[in-house]
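1. generate coordinates for the sequence data below:
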Amino acid sequence: MLITATIILGLAILVTLGSLLLPSFANSKADKIIVVDTLTFQVLGLCILLSFHDKNPLALQFGLLVAMLGFLSSIVLARFIDPPQS
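-> Predicted structure coming up:
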């Protein structure tokens with residue numbers, strides 16, 4: 001069951017990377033930020049599945065790091081799109 005979920009999540013990551021790289025799917029900067037945020041959640045899910053599969057908590061620590069970096073990158077990229085007015 002875990003292998004099937006990992007394969008499906010891997011395919012979803014490939015589709016998300018394809019939509020990020022192909023200009024016909026993500027035209028605006030906001031669309032690209034949403035795709036990067038979706039990719040972060042998918043990698044986080046892959047880390048959780050890897051932790052369940054290997055029964056190793058190290059992958060959960062890596063997943064926590066991915067989640068924090070994904071949150072920070074979303075904030076930084078959102079600031080890049082709409083800089084604060086002064």
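
2. from here on, contacts and neighbour counts on C-alpha atoms
-> Noted.

3. and the top helix by length along the chain, what does it pack against?
-> In the chain, taking DSSP state H as the definition, the longest helix is helix 29-54. Packing partners of helix 29-54 (3 or more CA pairs under 8 Å, 6 or more residues apart in numbering; DSSP states H and E): helix 2-21, helix 58-81.

4. packing partners for the shortest one?
-> Applying 3+ CA pairs under 8 Å, 6+ apart, one finds that helix 2-21 contacts helix 29-54.

5. ok, now how distant is Val36 from Ile3?
-> 24 Å (CA to CA, to the nearest Å).

6. more crowded one of those two?
-> Val36 (19 against 11; other CA atoms under 10 Å).

7. just give the closest residue to that one, not the sequence neighbours.
-> In this structure, Val36 finds its nearest non-sequential neighbour in Leu20, 7.6 Å apart by CA to CA, 6 or more residues apart in numbering.

8. for Asn27, find the nearest of the helices and strands packed on helix 29-54.
-> Of all these, it is helix 2-21 that lies closest to Asn27, at 9.3 Å by CA to CA.

9. pull out the buried residues from the closest one.
-> Within helix 2-21, the residues that count as buried by 16 or more other CA atoms under 10 Å are Thr6, Leu9, Gly10, Ile13, Thr16, Ser19, Leu20.

10. return the per-residue confidence for the first one.
-> In other words, Thr6. pLDDT recorded at Thr6 is 92.

11. of the helices and strands packed on helix 29-54, which approaches Leu50 most closely?
-> The closest of the helices and strands packed on helix 29-54 to Leu50 is helix 58-81. By CA to CA, the value is 6.5 Å.

12. now do the buried residues in that closest one.
-> Ala59, Leu60, Gly63, Val66, Ala67, Gly70, Ser73, Ser74, Leu77.

13. closest to Ser28 out of those residues?
-> Distance to Ser28 across the buried residues of helix 58-81 (CA to CA) is lowest for Leu77, with 12.6 Å.

14. thought Leu49 was touching Thr6?
-> Yes - in this structure, Leu49 is within contact of Thr6 by CA atoms under 8 Å, at 6.8 Å.
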